[in-house]
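Peer 1: The sequence and its predicted three-dimensional model are supplied below.
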Amino acid sequence: MDAPTSPPIPGLAPFESLRWSIPGLREDPTMCLRCRAAQMLCGKPACPILIKYDAYAKTLPMIGSKEVNGSSPPGLFVGRFGWPKVSLGPLVTPLHGDTLLMDTPEEWVGRSVPEVVGFRTMLVRGTRRFHVDDAETADRLIEDVQTLALARESVETEATFRRPPRGHLALSEDLPPYGPTAPIDSVRLDVRRVDQHLERLASDTDATARVAVHELYGRGVRVSRIQRAFSAGTLGRHGRRRFVPTRWSITAVDDLLGLDNLERVKELPELSEYWVRQLTALDNRWLLIYLPGVFRYESIETWYPNTLWNPAGERVVMMGDHEGYRGRTKYASIGGCYYAARLAITEDLLAHGRQAGAIVLREVHPGEILPLGVWNVREHVRAALRTPPERLSGLHEVLERVRQTFTIPLERWLAQSALLHEARTQRRLDEYLDAPAVPASAA
C-alpha cells in the first residue's frame with residue numbers, strides 16, 4: 001500500500017512530493033496522522049518528518065524564484081540514477097559569506113541530527129544531465145562545476161534555474177538529507193582562491209586518478225575535498241577522466257586511500273598488546289579493538305528495531321565483513337561504512353607505528369532517526385581513535401569490555417565475529433615462547 005499523501009503544510013507549497021519510510025507506516029497508514037509527533041508511535045525519540053519540515057521551512061522561503069544568489073560551500077553533486085548518464089550540478093545556498101561548514105563532514109562530529117540535516121537542506125541542487133564521459137568536454141556548466149571542485153573557500157554564486165527549486169521530502173533509508181532541486185540553466189561564479197594542490201593535480205593529465213588521490217592525501221588535503229574533485233572528473237589521465245556519482249566517489253576514495261595506507265602498515269612491527277577505545281554519539285555505541293599480531297580487519301554493525309536499516313523488525317539485526325592480511329576481493333556487504341572505518345583505522349595504525357588486528361563494533365539504537373551518510377562512520381571512528389587507548393592485559397578483558405559496552409549479549413558478538421573467534425581458538429607462537437616452563441613433575 002502506498003504511503004498516504006500528507007495534508008498541506010502552510011508555507012511549504014513548493015514541495016514537489018512527499019515520500020517517507022517510517023517503521024510501521026506500511027502496516028498502519030494512519031499511524032502518522034494519529035501520532036502527529038505527539039506520541040512517537042513509530043518508536044523514534046523525535047519525528048523525522050518534522051525535522052525535515054523544519055529544515056525546509058527555513059530554506060524554501062529564501063528561494064521562491066528561478067534565481068538563487070548566495071554562497072556555494074563550495075559543493076557539487078553527481079547523481080547515480082540513469083548511469084552512464086548522470087545528473088550534475090552545483091550546490092548553492094541562499095546565504096552569503098562563509099558556508100564551508102555545510103559541505104565539510106570532517107567538522108560535523110559533535111553536531112546534532114537537526115544541525116546536520118539543516119546543513120544539507122540549505123544546499124540547493126542544480127542539475128543537468130551529462131554522460132559520464134563528458135568530463136573533458138568544453139561545456140560552460142561542466143567547467144564551472146569543475147572550478148567549484150578546486151575552490152579553497154566559499155564561492156559567491158548566481159544560479160538560474162528553469163523553475164523555482166522544489167523540495168522533495170524523501171525519508172529514504174538509502175540517501176542522506178538533501179535540499180531543494182531544479183534543472184539549472186546557468187551559473188556565475190566568483191572564485192577568489194583555489195586549492196593549489198587540487199589545481200596542480202587537475203592540470204597533471206599524465207597522473208592516474210589513483211596517483212592523484214594518493215598525492216593529495218599525502219599533502220594534507222581533506223578527504224571530502226579529494227572526493228569532490230574525484231567526483232567532478234578533474235583527476236586522472238587525459239582521455240580517461242569521468243564523472244563519478246557522489247556516493248560512489250566517497251567509497252572509492254576511502255578504499256583507495258585505505259589500501260595505500262595498508263601497504264605501509266604491513267611493513268610496521270606488530271602490536272603486542274590489546275587496545276580498546278569507546279565512543280557514544282548520535283545514539284551509536286562504538287567499541288574499537290586492536291589485537292596483537294599482523295593486520296586483519298573486521299567491521300560489524302548491529303541495528304535495533306525502529307532504526308534505519310531495521311525499521312519494522314522485531315529483533316536486532318547484525319551484519320559484518322572481515323579481511324585477513326591479504327585483503328579481500330569482493331565488495332563488502334555492509335557497503336561504504338566498511339571502507340570508511342578501515343581508512344580511519346589505517347591512519348591510526350600509521351600514527352602509532354604498529355600493525356595489528358582491528359575490530360570495529362557498532363551498536364545502532366533508535367535515536368539515529370535519519371540517514372546521514374558514510375561520513376558518520378569515518379569521522380566518528382576517527383574521533384574515537386583520537387582518544388588514548390585503554391591497554392588491557394588479555395583477550396578475557398577485551399571480551400568483558402564488549403559485555404560492559406553493549407546492550408546486545410556478548411554471545412551474539414562472538415557468534416558474529418570471525419576475528420574474535422580466531423583470537424579465542426588460535427594461540428600465537430609467542431604465547432608459547434613467553435609461557436613459563438612446566439615442571440617435569442607436572443608433565
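Peer 2: Sure, I can see it.

Peer 1: which residues in the stretch 151-300 of the chain form strands?
Peer 2: 155-161, 168-171, 181-190, 274-281, 284-291, 296-303 (DSSP state E, counting those that start in this stretch).

Peer 1: Lowest average pLDDT across these?
Peer 2: Across these, strand 168-171 has the smallest mean pLDDT, namely a mean of 52.

Peer 1: returning to that earlier point: could the strands of the stretch 151-300 of the chain be laid out in TSV, adding distance to V113?
Peer 2: All C-beta atoms are positioned from the backbone trio N, CA, C, and that covers glycine. Shown next, in TSV, are the strands of the stretch 151-300 of the chain (distance: least, C-beta to C-beta, whole Å):
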stretch	distance to V113
strand 155-161	27
strand 168-171	13
strand 181-190	22
strand 274-281	11
strand 284-291	11
strand 296-303	16
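
Peer 1: Relative to D103, which of those is closest?
Peer 2: Minimum separation from D103 across those (C-beta to C-beta) falls at strand 155-161, 11.3 Å.

Peer 1: by how many degrees do that closest one and strand 181-190 diverge?
Peer 2: Counting by axes from the mean of the first three to the mean of the last three C-alpha atoms, to 10 degrees, strand 155-161 lies at 140 degrees to strand 181-190.

Peer 1: What lies in contact with strand 155-161?
Peer 2: Residues from elsewhere that reach strand 155-161 (C-beta atoms under 8 Å, 6 or more residues apart in numbering): 66-72, 74, 90, 92, 96, 124, 126, 148, 182-192.

Peer 1: rerun that using 7 Å as the cut-off
Peer 2: Contacts to strand 155-161, defined as C-beta atoms under 7 Å, 6 or more residues apart in numbering, come from residues 66-72, 74, 90, 92, 96, 126, 148, 182-191.

Peer 1: Return a PyMOL selection command for the buried portion of the residues you listed.
Peer 2: Filtering the contacts of strand 155-161 down to the buried ones (16 or more other C-beta atoms under 10 Å) takes a single PyMOL command:
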select buried, resi 68+69+70+71+72+74+90+92+126+148+182+184+187+189+191
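
Peer 1: where does the stretch 151-300 of the chain have low pLDDT?
Peer 2: 168-177 (pLDDT under 70).

Peer 1: Can you tell me, leaving aside adjacent residues, what's nearest to the most centrally placed residue in the chain?
Peer 2: Nearest to the centroid of the C-alpha atoms of the chain, with distances taken as C-alpha atoms, centre = their mean, sits V374, at 1.3 Å. Take V374 and drop its neighbours on the chain: the residue closest to it by C-beta to C-beta, 6 or more residues apart in numbering is G336, 4.3 Å away.

Peer 1: doesn't D348 make contact with L385?
Peer 2: Yes - assessed by C-beta atoms under 7 Å, L385 is found in contact with D348 at 4.2 Å.

Peer 1: Okay, the residue nearest to the centre of the chain and P90: tell me how far apart.
Peer 2: Look at V374 and P90: by C-beta to C-beta, to the nearest Å, they are 22 Å apart.

Peer 1: Then R403?
Peer 2: Distance, R403 to P90, by C-beta to C-beta: 49 Å.

Peer 1: same question, T127
Peer 2: From T127 over to P90 (counting by C-beta to C-beta), the distance is 10 Å.

Peer 1: Check V294 too.
Peer 2: As judged by C-beta to C-beta, V294 and P90 stand 45 Å apart.

Peer 1: do the same with G75
Peer 2: G75 is 7 Å from P90, by C-beta to C-beta.

Peer 1: and this protein, what are its domains?
Peer 2: Annotated domains of the chain cover 62-244, 274-430 [automatic domain parsing].

Peer 1: Is it correct that I345 is in contact with A358?
Peer 2: Yes - assessed by C-beta under 7 Å, I345 is found in contact with A358 at 4.6 Å.

Peer 1: what is in contact with the two at once?
Peer 2: Counting by C-beta under 7 Å, 6+ apart, the shared contacts of I345 and A358 are Y297.

Peer 1: Counting residues, which helix of this structure comes out longest?
Peer 2: Of all the segments assigned as helix in the chain under DSSP state H, the longest by residue count is helix 246-265.

Peer 1: buried sites along that helix?
Peer 2: Buried residues in helix 246-265 (16+ other C-beta under 10 Å): 246-262, 265.

Peer 1: low-confidence ranges in the stretch 1-150 of the chain?
Peer 2: Applying pLDDT under 70 to the stretch 1-150 of the chain picks out residues 1-64.

Peer 1: which residues of it fall in helices?
Peer 2: For the stretch 1-150 of the chain, applying DSSP state H, counting those that start in this stretch gives helices covering 31-35, 48-59, 113-121, 140-150.
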